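[1] coordinates for the following, if possible.
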Amino acid sequence: MTDKNSPKKQGKSGDAREERLKAALKANMARRKAQAKARAASEDNASKDEG
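    Below is the predicted model:
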């Protein structure tokens, strides 16, 4: 009964999960950075066209 309430130990699967999460976070941050860069470039082009 007490085993169900105890925190789970991280073994190989825990390390693999952490590596997957790191890779997903890195990809997500790169994608967001690219989106922000594209958004800034489009705003810059729009301001040049106006005036």
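[2] in this structure, which residue is most central in space?
    In the chain, the residue lying closest to the centroid (C-alpha atoms, centre = their mean) is residue 25, at 2.7 Å.
[3] where is the longest helix in this protein?
    In terms of residue count, the longest helix belonging to the chain (DSSP state H) is helix 12-50.
[4] list the buried residues for that one?
    Within helix 12-50, no residue counts as buried by 16 or more other C-beta atoms under 10 Å. To be clear about C-beta, it is placed using only N, CA and C from the backbone, and glycine gets the same treatment.
[5] any idea of the mean pLDDT for that helix?
    Helix 12-50 carries an average pLDDT of 91.
[6] report the distance from that helix to the chain centre.
    Taking C-alpha atoms, centre = their mean, to the nearest Å, one finds the center of helix 12-50 at 7 Å from the center of the full chain.
[7] now for that helix, which elements pack on it?
    Of the remaining helices and strands, none touches helix 12-50 by 3 or more C-beta pairs under 8 Å, 6 or more residues apart in numbering; DSSP states H and E.
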